[in-house]
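> Need a 3D model of the following:
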Amino acid sequence: MADDFTFSITTTRFDEDYSPSEGSRITTNFANLARGEHRQENLRNALTMIRRRFNDLADWDNPDRDRYTLELNIVSAQIEFTAEGTDQQFPLFEVLDIQIVDLLNGVRHQGIVGNNFSSYVRDFDFSVVLPAAAGDSGKPTVPEDFGDLHGKLFQHFLDSPVGRERFPQPPVVCISVSTSKTYRQTGNRHPVLGVEYQQDDYSLTDAYFAKMGLQVRYFMPRGSVAPLAFYFRGDLLNDYTNLQLIGTISTMETFQKIYRPEVYNANSAAAAVYQPSLGEQDYSRTQIAYDRVERSQLAVTQAKYTEEHFITPHKDLLDQWTANYPALVN
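Model prediction:
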């Protein structure tokens, strides 16, 4: 079974001249920015927001708030089946990788990979598997094996020679908190990540990432208005430098301000007890337009593409591989 498929990686620079490749998910955050007549302006504005937020947080020995710039690369992981036939290669995951450049002394720092984690198989799980489980009743039903294939493929990739060589440190996936849950501020405060929030009941997304071997903690950094969810292996607070954490915060907070301005560009900060809502009206829009309805429609299209070109043609192999793969250990 170990020789039935392998992984490969390609890298694309994410800058104001970026254009999505044919294999890139069109609902990916960075791909959305690079569409339409204002694509270059969108990209330039987003990258400026990221750079300014980074310098705002990395304010020591940085009086003019212009010491650092970031270089972003899209890392695409493909799965390649060894058997002959059609659909033998499929785009598995896409993430952003960060390089931090100190303009004062020319030193380059490796940031954290994992930003804007994107997955066709996750589209399939949430847009095909979940609705099918609900059936005609429409009642939310989560199958016991929901996310097993995706989680095991993710861990297998990270532990593969290709994954270990490309990612010397474990990835951190940073996304928005769930609008279905209530978060409570704790007394714990990190110098970069900010004040920690906790919740009593994990969301479906939290459980899904747990099957990928990732724990979750929620922090609201200085100057932010809502906590972010950080999914990680190992020790989030001690495995990474301050600059690395700031790179992830500045990148992902910028994307959340664009895509969920009701939460992350609100005009007032989250209270000690907080439930995010996309129904809030007291928020500011960025200068970057985004169509959430279109994105949800495209997610369904891509889920069906995944079913046709990945799940169905390789079902027997994938089912057997998933059943034989060791249990996940957090």
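
> for this protein, which spans come out with low pLDDT?
1-2, 21-37, 85, 138, 289-296, 328-330 (pLDDT under 70).

> all strands for it, in order.
Using DSSP state E, the strands of the chain run over 5-14, 68-81, 89-102, 108-110, 115-119, 172-176, 183-190, 194-198, 215-220, 228-232, 273-274.

> Can you tell me which of those is nearest to I50?
With CB to CB as the measure, strand 68-81 is the member of the strands of the chain nearest I50 (6.0 Å). Heads up, the C-betas are built off the backbone N, CA and C, glycines and all.

> Tell me the strands beside that closest one, with direction?
strand 5-14 (antiparallel), strand 89-102 (antiparallel) (DSSP bridges).

> What segments of the stretch 201-330 of the chain are helices?
204-210, 242-259, 261-264, 292-306, 315-324 (DSSP state H, counting those that start in this stretch).

> So what touches the shortest one?
In this structure, residues lying in contact with helix 261-264 by CB atoms under 8 Å, 6 or more residues apart in numbering are 176-177, 179, 224-226, 253, 256-257, 276-281, 283-286.

> circling back to that earlier point, reformat the strands paired with strand 68-81 as a markdown table; add distance to Y183 and mean neighbour count.
Converted to a markdown table, the strands paired with strand 68-81 look like this (distance: least, CB to CB, whole Å; neighbours: other CB atoms under 10 Å):
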| stretch | distance to Y183 | mean neighbour count |
| --- | --- | --- |
| strand 5-14 | 30 | 16 |
| strand 89-102 | 25 | 21 |
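
> would you turn these into a markdown table with distance to D61?
Output for the strands paired with strand 68-81, formatted as a markdown table (distance: least, CB to CB, whole Å):
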| stretch | distance to D61 |
| --- | --- |
| strand 5-14 | 27 |
| strand 89-102 | 10 |
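
> Go through the strands of the chain and name the closest to K315.
Here strand 68-81 is closest among these (CB to CB), at 12.4 Å.

> Buried residues in that closest one, which are they?
Residues of strand 68-81 classed as buried: Y68, L70, L72, N73, I74, V75, S76, A77, Q78, I79, F81 (neighbour count, 16 or more other CB atoms under 10 Å).

> show me what contacts the fifth one?
With contact set as CB under 8 Å, 6+ apart, I74 has these partners: T11, T12, R13, F14, Y18, S24, F30, E94, V95, L96, D97.

> Could you report the distance from the second one to N265?
With the distance defined as CB to CB, to the nearest Å, T12 ends up 28 Å from N265.

> now do the third one
According to CB to CB, R13 stands 27 Å off from N265.

> same check, this time on the last one
Plainly put, D97 is 25 Å away from N265 if you go by CB to CB.

> go on, F126?
Counting by CB to CB, the gap from F126 to N265 is 25 Å.

> What is the neighbour count of the residue nearest to A134 when sequence neighbours are not counted?
Leaving aside its chain neighbours, A134 sits nearest to T141 (5.2 Å; criterion: CB to CB, 6 or more residues apart in numbering). Using other CB atoms under 10 Å, T141 is surrounded by 13 other residues.

> what's near enough to touch T141?
T141 touches L130, A133, A134, G135, counting by CB under 8 Å, 6+ apart.

> G147 is in contact with the first one, correct?
What that stands for is L130. No. L130 sits out of contact with G147 when judged by CB atoms under 8 Å, with a separation of 10.2 Å.

> More neighbours: those two, which one.
Ranked by neighbour count (other CB under 10 Å), L130 and G147 place G147 first, with 23 against 17.

> and that one, what are its phi and psi?
Note on G147: its backbone torsions stand at phi 90, psi 0 [degrees, to the nearest 10].

> what's near enough to touch it?
D125, A207, Y208, K211, M212.

> do you know how far the last one is from V107?
Meaning M212. 33 Å.

> Neighbour count for those two, which is higher?
A count of neighbours by other CB under 10 Å puts M212 above the other of M212 and V107, at 23 against 9.

> Who are the contact partners of that one?
G147, H150, G151, F154, Q155, Y231, L328.

> Now a PyMOL select for only the buried ones of the residues you listed.
Command for PyMOL that selects the buried part of those, burial taken from 16+ other CB under 10 Å:
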select buried, resi 147+150+151+154+155+231
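
> Closest to I249 out of the contacts of M212?
Among the contacts of M212, and counting by CB to CB, the member closest to I249 is Y231, at 14.1 Å.

> OK, contacts around that closest one?
Per CB under 8 Å, 6+ apart, neighbours of Y231: V172, V173, C174, I175, F209, M212, L214, Q215, V216.

> Show me which of the residues you listed are buried.
If we count by 16+ other CB under 10 Å, these have these buried: V172, V173, C174, I175, F209, M212, L214, V216.

> Turn these into JSON lines, columns for distance to H38.
Formatted as JSON lines, these follow (distance: CB to CB, whole Å):
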{"residue": "V172", "distance to H38": "30"}
{"residue": "V173", "distance to H38": "28"}
{"residue": "C174", "distance to H38": "26"}
{"residue": "I175", "distance to H38": "25"}
{"residue": "F209", "distance to H38": "33"}
{"residue": "M212", "distance to H38": "34"}
{"residue": "L214", "distance to H38": "35"}
{"residue": "V216", "distance to H38": "35"}
